[in-house]
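1. Generate a structure from the sequence data that follows.
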Amino acid sequence: MYGKLGTTAVAAGAPAGVLAYTGLPLLWLVVSAMTLIAAGFALLRLVPRAER
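-> As a prediction, the model looks like this:
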């Protein structure tokens, strides 16, 4: 926390940079699929339901 300024940023961003550099799209596909599913459920909750 009190070390050099760049070490914390590199430690935080290195794993994401390595995944992007190695071209491992599987993780990002899973994350985007779950995000789209969650957005779909959120839209379903916003749509008014028909009363019978």
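
2. where exactly do the helices run in the chain?
-> Listed in chain order, the helices of the chain (DSSP state H) span residues 5-22, 25-46.

3. which stretch in these has the least confidence?
-> Set side by side, the helices of the chain show their lowest mean pLDDT on helix 5-22, which sits at a mean of 60.

4. how much space between residue 25 and residue 39?
-> For residue 25, the distance to residue 39 under the criterion CB to CB, to the nearest Å works out to 20 Å. The C-beta positions use only the backbone N, C-alpha and C, and glycine is treated the same way.

5. Over to residue 33?
-> In this structure, residue 33 lies at 11 Å from residue 39, with CB to CB as the measure.
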